[in-house]
Structure formats: C-alpha cells, structure tokens
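Peer 1: Following is a predicted model, sequence given first.
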Amino acid sequence: MLLAADHVRLMARYNAWQNAQVMRAIDGVSRKVLTEDHGAFFGSILGTLNHILWADQMWLSRFDASAAPPETRFEQSTTLTPTGAAWSAERFTTDGRIKAWAGRVHSIDLTGNLTFYSGSVGGEITRPVATCVTHFFNHQTHHRGQVHAMLTRAGLSAPITDLVFMPEEAQ
C-alpha cells in the first residue's frame, strides 16, 4: 500500500475540523445527556468520544514515541475524561499533536513495518506502517459516525462530515 505524506496531513486537518465541530455541538450539553446510553458499542456520546481520544493517543505513542494516554487498558478507554469540557480540552491538545506529527511525516516514513504491543490481541504485532496510519484515521471517522448518530438521536446538532465540504481555512 502506498500512502503519501500529503494525504496524512489532509486527514489530520480533517480530523481536527471534525473534532472542532463536535466540541461546538457538545458545548454546554449536560453530563447526563453526554453519558446517556444510546446502545452504541461504547454506549454514550462521551464514552465514544473518549474512546476515539484514547485510541488516537495510543496510536500517536506508537507513531512518534510520545507518551501514551494515562490509562492504557482498552477497558478504560471510555472514561479518559469525565466531562465534555475536559474532553474538549484534551481533544484540542491531541489534535495539535496529530497535526504536528503529520507535518513532520515524509512519505518514506510511511513505508516498512510497525511493531507494537496490542492489548486487543495480548501481544506484539507487526503491520505495515501505511496500514496502521490508514487505520488510525479510519478509526476516528468510524466512531465519529456513531457520535453523529447519537447527537442526532439526542436532538443535538450534528456536524457536517463530508471531507469535500471542509472549509479552505481548515485545509
């Protein structure tokens, strides 16, 4: 699989744009609404947002040897932050880290293999770097789709998710 650095930077900007919209959508929403179980895989809006944030921090620690999230067990991924405001602050910081990492990536860095410990399989795993980076961005998009559905179900405004509608200033 060939993956270009420009695509990684585009996806990092898309991720930040999407998360900024989610931050606005949940701003001022009660903890009760954010933690209500909607029957999604991670239950609630906040639980799903926390899982995405946790996974992003885990993958960043693998891509650039930065610090992993404080809780590295998958089972705890939904409780990384206790409130929407805390999530927004941590999300903003993590999106900055993602964009900084993407800005340093060269296409050659996206070749070869990445070996890492996976708690999901309980051991070390080796996969192509390009596959891991593609998964990183796909994982965000997948679970944000679940958040979009839960926001809609809760009667809240859901963000525009189409990449082609990302504003120029985000690009």
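Peer 2: On my side now, so go ahead.

Peer 1: tally of neighbours for the closest residue to residue 134 other than its chain neighbours?
Peer 2: Of all residues not flanking residue 134 in the chain, residue 3 sits nearest, at 6.5 Å (C-beta to C-beta, 6 or more residues apart in numbering). (Glycine included, C-beta is placed from N, CA and C.) Neighbours of residue 3 under the rule other C-beta atoms under 10 Å: 20.

Peer 1: Tell me the secondary structure at residue 3.
Peer 2: With DSSP: H, G, I helix; E, B strand; the rest coil as the basis, the three-state label of residue 3 is coil.

Peer 1: contacting residues for it?
Peer 2: Residue 3 is in contact with 107, 110, 129-130, 133-134, counting by C-beta atoms under 8 Å, 6 or more residues apart in numbering.

Peer 1: distance of it from residue 109?
Peer 2: When distance is defined by C-beta to C-beta, to the nearest Å, residue 3 is 10 Å away from residue 109.

Peer 1: Residues that sit against both of these two, list them.
Peer 2: Residues touching both residue 3 and residue 109 (C-beta under 8 Å, 6+ apart): residue 129.

Peer 1: what ranges do the helices span in this protein?
Peer 2: Secondary structure of the chain (DSSP state H): helices at 5-26, 31-35, 45-64, 84-104, 129-153.

Peer 1: Mean pLDDT per helix and strand in this structure: which one sits at the bottom?
Peer 2: strand 113-118 (a mean of 93; mean pLDDT, DSSP states H and E).

Peer 1: Model confidence score at the closest residue to residue 110 other than its chain neighbours, please.
Peer 2: Spatially, and ignoring its direct neighbours in sequence, residue 110 is nearest to residue 3 (4.5 Å; C-beta to C-beta, 6+ apart). With respect to pLDDT, residue 3 has a value of 96.

Peer 1: hey, which of the helices of the chain is tucked in deepest?
Peer 2: Ranked by mean neighbour count, the helices of the chain are led by helix 45-64 with a mean of 22 (mean count of other C-beta atoms under 10 Å).

Peer 1: Now do that helix: distance to the chain's middle.
Peer 2: Averaged C-alpha coordinates place helix 45-64 at 5 Å from its chain's average position (C-alpha atoms, centre = their mean, to the nearest Å).

Peer 1: Export it to CSV, keeping only CA atoms.
Peer 2: What follows is helix 45-64, C-alpha atoms only, in CSV (Å, rounded to 0.1, in the frame of the first residue of the first chain):
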residue,chain,number,x,y,z
ILE,A,45,-21.6,10.2,23.3
LEU,A,46,-18.9,10.9,25.9
GLY,A,47,-17.8,7.3,26.1
THR,A,48,-17.4,7.1,22.4
LEU,A,49,-15.5,10.4,22.2
ASN,A,50,-13.2,9.3,25.0
HIS,A,51,-12.5,6.0,23.2
ILE,A,52,-11.5,7.9,20.0
LEU,A,53,-9.3,10.2,22.0
TRP,A,54,-7.7,7.3,23.9
ALA,A,55,-7.1,5.4,20.6
ASP,A,56,-5.6,8.5,19.0
GLN,A,57,-3.2,8.9,21.9
MET,A,58,-2.2,5.2,21.8
TRP,A,59,-1.5,5.4,18.1
LEU,A,60,0.5,8.6,18.4
SER,A,61,2.6,7.0,21.0
ARG,A,62,3.4,4.2,18.5
PHE,A,63,4.0,6.6,15.6
ASP,A,64,6.2,9.1,17.3
